[in-house]
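A.B. asks: Requesting a structural model of the entry that follows:
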Amino acid sequence: MGLFNWFTQEVAIDLGTANTLIIHNDKVVVDEPSIVAFDRTTNKVIAIGRQAMQMEGKTHDNIKTVRPLRDGVIADFTAAEHLIRGMVKLVNGGKSWFFPSLRMVVCIPSGITEVEKRAVRDSAEIAGAKEVYLIHEPMAAAVGIGIDVEEPVGNMIIDIGGGTTEIAVIALSGIVCDQSIRVAGDNFDSDIVQYIRRQHNIMIGDRTAEKIKIEVGAALPELQDPPEDFAVQGRDLMTGIPKQITVSYTEIAHCLDKSISKIEEAILKALEITPPELSADIYQTGIYLTGGGALLRGLDKRIQAKTKLPVHVAEDPLRAVVRGTGIALKNIGRFKFLMQ
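C.D. replies: Numbers count the residues shown, from 1 in each chain. Have a look, this model is predicted:
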């Protein structure tokens with residue numbers, strides 16, 4: 001067994017729609033966008049991660065960029081397998097001369113179907129994993145922000161990722177009730193693209209939209225420390241010539257309003273179906289926000305106003321899920337909620 005352990009590499013993977021993170025030996029060793037670039041003629045992988053991200057929207061006929069995950073689940077099986085394999089190679093800095101057998105813990109959205117679950121497991125196995133454990137994202141997020149999930153106390157976690165928003169009430173190492181909706185960071189991006197097109201008659205790409213969201217994205221039209229206006233370049237739809245405009249955070253707050261309302265509705269729905277004893281706990285402990293969407297300015301205030309409950313944003317919310325997955329990896333024997 002000792003020899004087997006020596007040849008086994010343990011990795012925890014947060015396979016996200018937007019970013020893939022890997023923890024190995026308690027350190028985040030890989031933090032790359034979930035995107036793969038293929039050569040169309042040979043179907044070989046040209047680049048993955050950040051390198052492929054730089055190609056997105058700028059490719060010629062011979063290169064295609066693929067995002068293997070849509071709405072938190074695998075949409076392109078072969079691309080997902082290449083992504084996992086490439087990311088795992090990066091763990092050793094790509095220098096490994098033999099490929100150790102892998103033990104993987106992978107997170108999955110809580111509203112996932114059996115077929116989608118199987119796709120995650122299969123692509124991990126094809127990418128070289130001997131043992132694959134699955135963990136639900138809200139569970140991993142709760143463990144990652146330091147909540148003791150084994151206690152008989154209810155905690156509400158909202159994980160706003162790239163493809164899905166996961167809302168779950170957790171107690172006694174399990175998810176008591178959950179809502180998983182496919183409105184998240186990607187929807188915010190497409191809202192921004194449509195808004196800039198409608199309002200300013202300018203066509204922008206997804207990468208620019210994401211940049212706008214990061215620089216001036218907001219959930220409330222009035223903020224205490226507002227960000228500077230942001231200059232956006234795109235193609236003018238009237239003349240076809242490249243043009244620059246400036247957008248302010250109030251504009252973006254208005255254009256994201258619909259999507260955020262959908263998230264608020266799901267939160268209220270989850271609170272409605274929560275057992276009364278756990279509702280009492282949530283009144284005390286409040287709501288925890290994790291995932292990239294938690295970084296949207298004023299979102300915590302907006303949810304707080306809607307639910308009248310204290311809302312806490314996790315520190316480093318982007319990595320909360322992968323940290324929890326890493327902790328689960330170390331406690332494979334102890335945590336009952338890991339699915340084999």
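A.B. asks: Give me the number of neighbouring residues for the spatially closest residue to Thr59 that is not a sequence neighbour.
C.D. replies: Spatial nearest neighbour of Thr59, chain neighbours left out: Thr65 (6.0 Å); criterion: C-beta to C-beta, 6 or more residues apart in numbering. All C-beta spots, glycine's among them, are computed from the backbone N, C-alpha and C. Per other C-beta atoms under 10 Å, the neighbour tally for Thr65 reads 19.
A.B. asks: With Asn19 instead?
C.D. replies: Asn19 is flanked by 22 other residues according to other C-beta under 10 Å.
A.B. asks: That one contacts Asp31, correct?
C.D. replies: Yes. Contact criterion C-beta atoms under 8 Å: Asn19 and Asp31 qualify, at 6.5 Å.
A.B. asks: which residues in the protein form helices?
C.D. replies: Assigned by DSSP state H, the helices in the chain fall at 2-7, 50-55, 77-91, 114-126, 137-144, 185-200, 206-216, 249-272, 276-285, 299-307, 320-330.
A.B. asks: Nearest to Asn43, out of the ones you listed?
C.D. replies: Counting by C-beta to C-beta, Asn43 lies closest to helix 77-91 out of those; the figure is 8.7 Å.
A.B. asks: So which elements touch that closest one?
C.D. replies: Helix 77-91 is packed against strand 8-15, strand 19-24, strand 27-33, strand 36-39, strand 45-48, helix 114-126, with contacts defined by 3 or more C-beta pairs under 8 Å, 6 or more residues apart in numbering; DSSP states H and E.
A.B. asks: mind redoing it with 6 Å?
C.D. replies: Using 3 or more C-beta pairs under 6 Å, 6 or more residues apart in numbering; DSSP states H and E, the elements in contact with helix 77-91 are strand 19-24, strand 27-33, strand 36-39, strand 45-48, helix 114-126.
A.B. asks: and those as a markdown table, adding mean pLDDT and distance to Arg197?
C.D. replies: Listed next are these as a markdown table, based on pLDDT from 0 to 100; distance: least, C-beta to C-beta, whole Å:
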| stretch | mean pLDDT | distance to Arg197 |
| --- | --- | --- |
| strand 19-24 | 94 | 26 |
| strand 27-33 | 93 | 24 |
| strand 36-39 | 96 | 26 |
| strand 45-48 | 94 | 29 |
| helix 114-126 | 92 | 32 |
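A.B. asks: which stretches of the chain aren't confidently modelled?
C.D. replies: 1-6, 94-99 (pLDDT under 70).
A.B. asks: okay, now the domains of it?
C.D. replies: 8-140+321-338, 148-183+260-315, 185-255 (the TED database).
A.B. asks: what's the closest non-adjacent residue to the most centrally placed residue in the chain?
C.D. replies: The residue lying closest to the centre of the chain (C-alpha atoms, centre = their mean) is Gly161, at 3.3 Å. Leaving out its chain neighbours, the residue that sits closest to Gly161 by C-beta to C-beta, 6+ apart is Gly291, at 4.7 Å.
A.B. asks: What about that neighbour, how many residues nearby?
C.D. replies: Neighbour tally, Gly291, other C-beta under 10 Å: 28.
A.B. asks: doesn't Ile160 make contact with it?
C.D. replies: Yes. Gly291 lies in contact with Ile160 (C-beta atoms under 6 Å); the separation is 4.3 Å.
A.B. asks: thinking again about what came up before, could the helices of the chain be laid out in a markdown table, adding mean neighbour count and distance to Lys243?
C.D. replies: Output for the helices of the chain, formatted as a markdown table (neighbours: other C-beta atoms under 10 Å; distance: least, C-beta to C-beta, whole Å):
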| stretch | mean neighbour count | distance to Lys243 |
| --- | --- | --- |
| helix 2-7 | 8 | 58 |
| helix 50-55 | 17 | 23 |
| helix 77-91 | 21 | 34 |
| helix 114-126 | 17 | 42 |
| helix 137-144 | 29 | 40 |
| helix 185-200 | 19 | 9 |
| helix 206-216 | 19 | 13 |
| helix 249-272 | 18 | 17 |
| helix 276-285 | 14 | 48 |
| helix 299-307 | 18 | 31 |
| helix 320-330 | 25 | 39 |
